[in-house]
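[1] sequence-free structure coming up:
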């Protein structure tokens, strides 16, 4: 029996058999090719799980979950809770709970909006910015995107993922 690696998957072949043909883009991504589409879906899910685990490990020293770390990073860009809910893909009550935990850890401060007192704005504290930087440093050394993909491959992947995740 021989073992062949294809796209990270290990395939065992019976001894004496001809090696399996390696699928090409034309055979795996042809319109209507459900097996190719399933493979793409499974690979996307597997990659998301692996990257999620890396983010989770990078966030633990800061006493954060991966979702809280993402929220903190997003809050560095926008203080609006509704923006955060969209980016995290959750409802406003979940965002409120996440921000509550970030406030309790000293990473975020809330203040009343100067434009509309009904709204509160979440601002990242210096401690929160430092935590984001430390998480980023950990990710830079442990992310599978850094070591396994060339800069060109990362660019191609980013373009494809933007197209896949664009709600429009």
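    Looks like it arrived, so ask away. Model, not experiment: these values are computed from the prediction.

[2] Give me the three-state assignment for residue 44.
    helix (DSSP: H, G, I helix; E, B strand; the rest coil).

[3] where does it land on pLDDT?
    At residue 44, the model reports a pLDDT of 90.

[4] what's the spacing between it and residue 51?
    From residue 44 across to residue 51, the span is 11 Å (CB to CB, to the nearest Å). C-betas here are computed from N, CA, C, even on glycine.

[5] Residue 131 now?
    Residue 131 sits 19 Å away from residue 51 when distances are taken as CB to CB.

[6] who's more crowded, those two?
    Set side by side, residue 131 and residue 51 show more neighbours around residue 131, with 25 against 15, by other CB atoms under 10 Å.

[7] Would you map the helices across the protein?
    25-28, 34-59, 66-75, 81-88, 92-104, 126-142, 144-148, 151-165 (DSSP state H).

[8] residues making contact with the last one?
    Yep, that's helix 151-165 we're talking about. 145, 149 (CB atoms under 8 Å, 6 or more residues apart in numbering).

[9] surely residue 68 meets residue 100?
    No: taking contacts as CB atoms under 8 Å, residue 68 lies outside contact range of residue 100: 10.5 Å.

[10] picking that back up, just say which of the helices of the chain is most tucked in.
    Sort these by mean neighbour count, taking mean count of other CB atoms under 10 Å, and helix 66-75 sits at the top with a mean of 21.

[11] Show me what that one is packed against.
    In terms of contacts (3 or more CB pairs under 8 Å, 6 or more residues apart in numbering; DSSP states H and E), helix 66-75 is packed against helix 34-59, helix 81-88, helix 92-104, strand 120-124, helix 126-142.
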